[in-house]
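Novice: structure of the sequence below:
(one chain, ligands or ions: 1)
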Amino acid sequence: MIDVEDLIALVRNYNPRTNDDLIRRAYAYGRQMHDGQFRQSGEPYFTHPVAVAAILTEQRLDDASIVTALLHDTIEDTKSTYAEIERLFSSEVAELVDGVTKLTNLQLSSAEAKQAENFRKLFMAMSKDLRVILVKLADRLHNMRTLKSMKPEKQAQKARETMEIFAPLAGRMGMQWMREELEDLAFRVLNPEARNSIIRRFITLQRETGDVVHQITADIRLELDKAGIEADVYGRAKKPYSIWRKMQEKDLAFSRLSDIYGFRVICEEEADCYRILGVIHRRWRAVPGRFKDYISQPKSNGYRSIHTSVSGRDGKRVEVQIRTRQMHEVAEAGVAAHWAYRDGVRTKNPFAVDPTKWIASMTERMDEDDHDEFLENVKLEMYSDQVFCFTPKGDVVQLPRGATPLDFAYAIHTRIGNSCVSAKVDGIRVPLWTRLKNGQSVEIITAEGQLPQASWIDIVTTGRAKAAIRKSLREEDRGRFVKLGQELARAAFDHVGKKATDKALRTAAKQLGLADEQDLLARLGSAELTARRVVETLYPELTLATTEEVDAQRPVVGLGADQTFRRARCCQPVPGERIVGITYRGAGVVIHAIDCPALVEFEEQPARWVDLNWQPGRHKAVYTVSMELTISNDAGVLGHICTIIGEQKANISDLRFTDRKPDYYKLIIDVDLRDVEHLHMVMTALEAETDVAQIARHRDLSLKP
Ligand code: MN
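Specialist: Predicted structure coming up:
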């Protein structure tokens, strides 16, 4: 245990005018009060308040804070009272000790729903005197450092509370070192395996690449020397927890994570910060999007610094923070910088924020009657990676930064998200891809029968919204495919004078080894199965009974007996169109439409050309033609199109979407037809349809004949 004279020496180091008598009295009083009490570790209890006081000396805090640390558990755990402390010390100290006691007694449940409430309580305590929080944080830090002697459940609970409440709070107050240490201590308990594996990776990395920190520090120093700038350079590996968080946020493996080292350049003059930035950017390549100037735009807790990331020749990135010594003090002590002493006087650091003003800015809009609003404002300030928006009724919706009105809608209810048609932000209609900002009020406009669109996936950022949209799209697709399948089946059965009853379809499904008729229809609709195949399965005799139709084996005149033929895929000629054959080695003939641009390449080889004609007479509907359609994205349009094609006694053999936009779809439908007349009938029937914006034969010259 640190004895009282050592403690006084620690204080005197930064505050020669300390009231050592006051500290001596507090030390004696605390020791006497806690006499006979022991910590879990077996040590006398009073070692704890003394250790807390010592932590506060590192922050160079005033006497009242040090005394409060020494007495912080007396009202709670001993027979000491507020009145007694007020009498023996001062009402300032009594108030502070009382504040810490109240804070200790707060039920800081880690349940997520309660978190907001916890923050509110903390802020209420802070608003009286921020030093209460500084003592509490030091108390927590010491408890975390000595957590090992506690029971495992207790350790886990304290660690969670630290990770969720105290570490973010320290960060928010600008005490980065405190935040990092609290996080790391909690991480050790909450996920020791992850922490160990990161540490092991560091060891391996160091073996492979040597002491990178030292090398880079030296490199930066050299550059600064060349430029004649005086500054100190510090480098370090980032803490395991911050690496772990980055791995999770960016979903990257350790090996791919590059900025695991951080460097600080600390100079005297603000102007030097920018010169140093220039030197570093000239020497190394700046990583786009990583430059931040908190000097011209300081954070509300007084933090000032320039941040940039640069990459070396090996592509590895490092982060560099540049600031002056005064800025650095604020960056380390945060809001506590206000109380800090330097050379015996309260430092007049121009960058330290006045804690009263800082808290006032946090609680500015607090109304005695409206604690909820206060809470929301506090929450808005607490999280910088989140946005908080309001429903028209004033309920708060918490979203990750970058969220859109669609994320908002899905956060309220899947049904609201699915039926969202537009949104108003602060009363103004905005596109659904608008990024929401803190404090905005969002109204979602829904419409009955509206369904999520495929393009929404790229608009939303929350997993919840993405999952809901995917699910709906899958269901919608299946529904559409089943409907389409029904039309295809009906047309195909009609074609052979049969009815596509449920029973017939169920039988076909069974014979084809499918689950049921719904499954069969869905496969028909998604072109995994052709209607012809279904008909053939049920009525094999029908497909054999050919009438006086043209022999499908020899539909063209002019082929040699041993010549096989194939329709060119580029132009897909159908009976009724003028055609020409091109011979290929191996006796094959490919039939092109006479106007097919692909013929140009055979102009110099007249020997390969064969005159061909289609057989006169009625051909079977086996000639596949691809058609490109642009249709409006309305429920039922696709099914209707299939009906029309079926009514023309044509078969859809394949269907694929090439473009899905919120208001229209582009798709290619392969239709099996008899001849050019049949093709024109189908196209005319489709053209007559108002929902069909465009229809054309799809000729794809990229396809090899
Ligand atoms: Mn304590």
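
Novice: going forward, measure contacts and count neighbours with C-alpha atoms only.
Specialist: OK.

Novice: before we move on, what SS does Thr630 have?
Specialist: Applying DSSP: H, G, I helix; E, B strand; the rest coil to Thr630 yields a three-state assignment of strand.

Novice: hey, what's the nearest residue to it once chain neighbours are set aside bridged with?
Specialist: Counting by Cα to Cα, 6 or more residues apart in numbering, Thr630 lies nearest to Lys666, which is 4.5 Å off, once chain neighbours are set aside. Assessed by DSSP bridges, Lys666 has beta-bridge partners Thr630, Asp659.

Novice: Lys666 contacts Leu638, correct?
Specialist: No. The pair Lys666 / Leu638 is not scored as a contact, 11.0 Å apart, by Cα atoms under 8 Å.

Novice: who touches both of the two?
Specialist: Ile631 (Cα atoms under 8 Å, 6 or more residues apart in numbering).

Novice: the bottom helix or strand of the protein by mean pLDDT?
Specialist: The weakest-scoring helix or strand in the chain, judged by mean pLDDT, DSSP states H and E, is helix 371-382 (a mean of 44).

Novice: low-confidence stretches in the stretch 101-250 of the chain?
Specialist: 105-127, 249-250 (pLDDT under 70).

Novice: all helices for it, in order.
Specialist: 112-128, 130-145, 152-161, 167-172, 176-190, 192-209, 212-227, 240-250 (DSSP state H, counting those that start in this stretch).

Novice: for Gln326, which of these is the nearest?
Specialist: Of all those, helix 176-190 sits nearest to Gln326, with 15.3 Å by Cα to Cα.

Novice: buried residues in stretch 74-88, which are they?
Specialist: The neighbour-count check on stretch 74-88 (16 or more other Cα atoms under 10 Å) flags 74-76, 80, 82, 85 as buried.

Novice: check the residues you listed and tell me the two furthest apart.
Specialist: Pairwise distances across the buried residues of stretch 74-88 (Cα to Cα) peak at 12.5 Å, for the pair Glu76 and Ile85.

Novice: and the residue lying closest to Glu687 once chain neighbours are set aside, which of the three is it?
Specialist: In this structure, Glu687 finds its nearest non-sequential neighbour in Ile695, 6.8 Å apart by Cα to Cα, 6+ apart. In three-state terms, and counting by three-state DSSP, Ile695 is strand.

Novice: can you pull the pLDDT of Ile695?
Specialist: In this prediction, Ile695 carries a pLDDT score of 88.

Novice: the residue nearest to Lys499 when sequence neighbours are not counted and Gly479, how far apart?
Specialist: Nearest residue to Lys499 in three dimensions, chain neighbours excluded: Phe493, at 5.6 Å (Cα to Cα, 6+ apart). According to Cα to Cα, to the nearest Å, Phe493 and Gly479 sit 21 Å apart.

Novice: what about Pro400, neighbour count?
Specialist: Using other Cα atoms under 10 Å, Pro400 has 16 neighbouring residues.

Novice: and it, backbone torsions?
Specialist: For Pro400, the backbone dihedrals (degrees, to the nearest 10) come out as phi -70, psi 150.

Novice: bridging residues for it?
Specialist: Gln386.

Novice: I figured it hits Phe408, correct?
Specialist: No. The criterion here is Cα under 8 Å, and Pro400 misses it with Phe408 at 10.1 Å.

Novice: endpoints of stretch 448-466, how far apart?
Specialist: 21 Å.

Novice: so for it, mean pLDDT?
Specialist: On average, stretch 448-466 scores 85.

Novice: just how off-centre is that stretch within its chain?
Specialist: Distance of stretch 448-466 from the chain centroid (Cα atoms, centre = their mean, to the nearest Å) equals 15 Å.

Novice: over to stretch 398-415?
Specialist: Mean C-alpha position of stretch 398-415 versus that of the full chain (Cα atoms, centre = their mean) differs by 12 Å.
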